[in-house]
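K.L.:
This is a predicted model, with the sequence first.
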Amino acid sequence: IVIPDFIDTYKITGEAELFIKHYRDHVVGITGTKGKSTTTSLVAALLKEKYQVCLVGNIGIPCFEAIDEMEAGAYAALELSCHQLEICRYSPQYTMQQWRSMVLRNLIFLQTKCKAIP
């Protein structure tokens, strides 16, 4: 897809970004290369011990289908890919990234976004 230069791509957004923007304080975002679904499911199970929880994103239900539960005060365990995060200008209040399992394909994709961690 070629996007003409005159289109302001900053205005492009996605479902995950709108969801995070509106419910930021009640979203735990999980990303990484391997184990996102397992980690997201584990986070949801742990949160369910005390809170109402929605399993959303690339696992569970689409973000917009969780709106009624979120309006009632639920928390969301949100699985996100690095490609979804690329267009997000908002981040969840709580985030987890599985750095130990980062593999070459994500490093290539993120090479301009990653900096060395001291």
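P.N.:
Ah, there it is. Numbering: from 1, shown residues only.
K.L.:
hmm, who's touching the longest helix seen in the chain?
P.N.:
The longest helix of the chain (DSSP state H) is helix 36-47. Residues from elsewhere that reach helix 36-47 (C-beta atoms under 8 Å, 6 or more residues apart in numbering): 28, 30, 32, 53-55, 57-60, 75, 77-81, 96, 98. Where you see a C-beta, it was placed from the backbone N, CA and C, and this is true even at glycine.
K.L.:
buried ones in that helix?
P.N.:
36, 39-41, 43-44, 47 (16 or more other C-beta atoms under 10 Å).
K.L.:
Now distance to P4 too, for those residues, in TSV please.
P.N.:
Output for the buried residues of helix 36-47, formatted as TSV (distance: C-beta to C-beta, whole Å):
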residue	distance to P4
K36	34
T39	39
T40	37
S41	41
V43	41
A44	41
L47	44
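K.L.:
Now do the helices in the protein.
P.N.:
For the chain, applying DSSP H gives helices covering 15-23, 36-47, 67-71, 82-86, 104-109.
K.L.:
Could you list every helix and strand in contact with the third one?
P.N.:
It stands for helix 67-71. Using 3 or more C-beta pairs under 8 Å, 6 or more residues apart in numbering; DSSP states H and E, no helix or strand is in contact with helix 67-71.
K.L.:
buried ones in that helix?
P.N.:
So, applying 16+ other C-beta under 10 Å, buried residues of helix 67-71: 69-70.
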